[in-house]
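K.L.:
I would like to see how this sequence folds:
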Amino acid sequence: MLPIDIRPDQVVNEVLEFNKKIGEGMQNLLKSKEIETGVSPKDPVYTEDKLVLYRYRSPEGVKPGPVPLLVVYALVNRPYMTDIQENRSTIKGLLEAGQDVYLIDWGYPDRSDRYLTMDDYINGYIDDCVDFICEQHGLDAINVLGICQGGAFSLCYASMHPEKVRNLVTMVTPVDFQTPGNLLSKWVQHMDVDLLVNTMGNIPGELMNWTFLSLKPFSLTGQKYINLVDMMDNEDALKNFLRMEKWIFDSPDQAGETFRQFIKDFYQKNAFLNGGCYLGGQEVDLGNLSMPILNIYAQQDHLVPPDASKALKELAGTSDYTELAFPGGHIGIYVSGRAQKEVPPAIGKWLDERV
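P.N.:
Predicted structure coming up:
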């Protein structure tokens, strides 16, 4: 066993450097103001219950294309992850790529929303937003970008209303919910969802959030706060960290009946593959997806493993199917520097080729 070479002067210097970073970090924290949520200018154009539909303003000198793009985010967490800061914004990248971008903000469900179903969200809210945008632009169909659970909702919607979706883009979207490497799926396979929803009503966002953090407990609940010390003396880096922390813990509650059906139909029954998901009395069939599809997945995604997303290729009925693999994780695909350079331009180019 080799001896440990620790010199007293090194220890003293490390302690002094640590204290210096903590001191400067506390000053930076005291100077921090309210952390903004979303940075790209936008306007509310349609509201329904707690839902707000936003339209983003195109950058100066950029003329948007003729077919608008509706972004459908997950019910879990808040959609400003797509627009987290000036230099880390999928929305900004899409705007610069010439897309006319709309986004659904689902708001924060409360007890009055307990009995909202997946049918309410998909054949209700999403369909109403699509109809509104079509009417505003004089179109019969628009482009849709679904993200994570919002991607699963978008697949359901496009399969039931293919005439209203010109092109479909899915990002980190689960299709096969029972792939071998899906730890989240293994956790809920035998969960008594009925007992959970009947007992709690809406599912608390805090419960959902800690479930996700528990998938990688060392890195997500411990190591990142140790690493925080190394950036506390950098005001910009600290603000970036706080933005991410705000988003992580800004977790809306989940409408009980929608949670019940989503977990049972998809995680437990794997309904995209096996059938059995009914919305408004109609069964969801991905074979009805006749429009062009761009499916984007992250190669290091621990929430939606690549195989879970790539299963779409064999199920969709379209002959125009494209996959884009991104070398990153579930969040990195929105916020990493490489993602900013690659993903939004690729989406814009793909859509422009199918106007």
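K.L.:
For residue 324, which non-adjacent residue is closest in space?
P.N.:
Closest residue in space to residue 324, ignoring its immediate chain neighbours: residue 296 at 4.5 Å, by C-beta to C-beta, 6 or more residues apart in numbering. Placement of C-beta: from N, CA and C, glycine included.
K.L.:
and the gap between the one you found and residue 103?
P.N.:
Using C-beta to C-beta, to the nearest Å, residue 296 is found at 17 Å from residue 103.
K.L.:
Same check on residue 264?
P.N.:
28 Å.
K.L.:
So between these two, which is more surrounded?
P.N.:
Between residue 264 and residue 103, counting by other C-beta atoms under 10 Å, residue 103 is the more crowded of the two (26 against 18).
K.L.:
For that one, grab phi and psi.
P.N.:
Dihedral pair for residue 103: phi -140, psi 140, per degrees, to the nearest 10.
K.L.:
And for residue 48?
P.N.:
The phi/psi pair for residue 48 (degrees, to the nearest 10) is phi -160, psi 120.
K.L.:
so what's it bridging to?
P.N.:
Assessed by DSSP bridges, residue 48 has beta-bridge partners residue 51.
K.L.:
What is the burial count for it?
P.N.:
Around residue 48 there are 14 residues (other C-beta under 10 Å).
K.L.:
Over to residue 234?
P.N.:
By other C-beta under 10 Å, neighbour count at residue 234 equals 15.
K.L.:
one step back: please tell me I have it right and the residue nearest to residue 324 contacts residue 148.
P.N.:
No - between residue 296 and residue 148 there is no contact under C-beta atoms under 8 Å: 11.3 Å.
K.L.:
Show me the common contact partners of those two, please.
P.N.:
Residues touching both residue 296 and residue 148 (C-beta atoms under 8 Å, 6 or more residues apart in numbering): 171-172.
K.L.:
check contacts around residue 108.
P.N.:
When contacts are taken as C-beta under 8 Å, 6+ apart, residue 108 is in contact with 50, 252-253.
K.L.:
okay, these in CSV with pLDDT and distance to residue 154 next?
P.N.:
Formatted as CSV, the contacts of residue 108 follow (pLDDT from 0 to 100; distance: C-beta to C-beta, whole Å):
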residue, pLDDT, distance to residue 154
50, 97, 20
252, 94, 19
253, 95, 22
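K.L.:
could I get these as a markdown table with neighbour count and distance to residue 350?
P.N.:
Compiled in a markdown table, the contacts of residue 108 are given as follows (neighbours: other C-beta atoms under 10 Å; distance: C-beta to C-beta, whole Å):
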| residue | neighbour count | distance to residue 350 |
| --- | --- | --- |
| 50 | 16 | 32 |
| 252 | 22 | 31 |
| 253 | 22 | 35 |
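K.L.:
out of the residues you listed, which one sits closest to residue 230?
P.N.:
residue 252 (32.0 Å; C-beta to C-beta).
K.L.:
Look up which helix or strand the closest one falls in, please.
P.N.:
Element membership for residue 252, per DSSP states H and E: none, as it lies in no helix or strand.
K.L.:
now do residue 75
P.N.:
Residue-wise, residue 75 maps onto no helix or strand under DSSP H and E.
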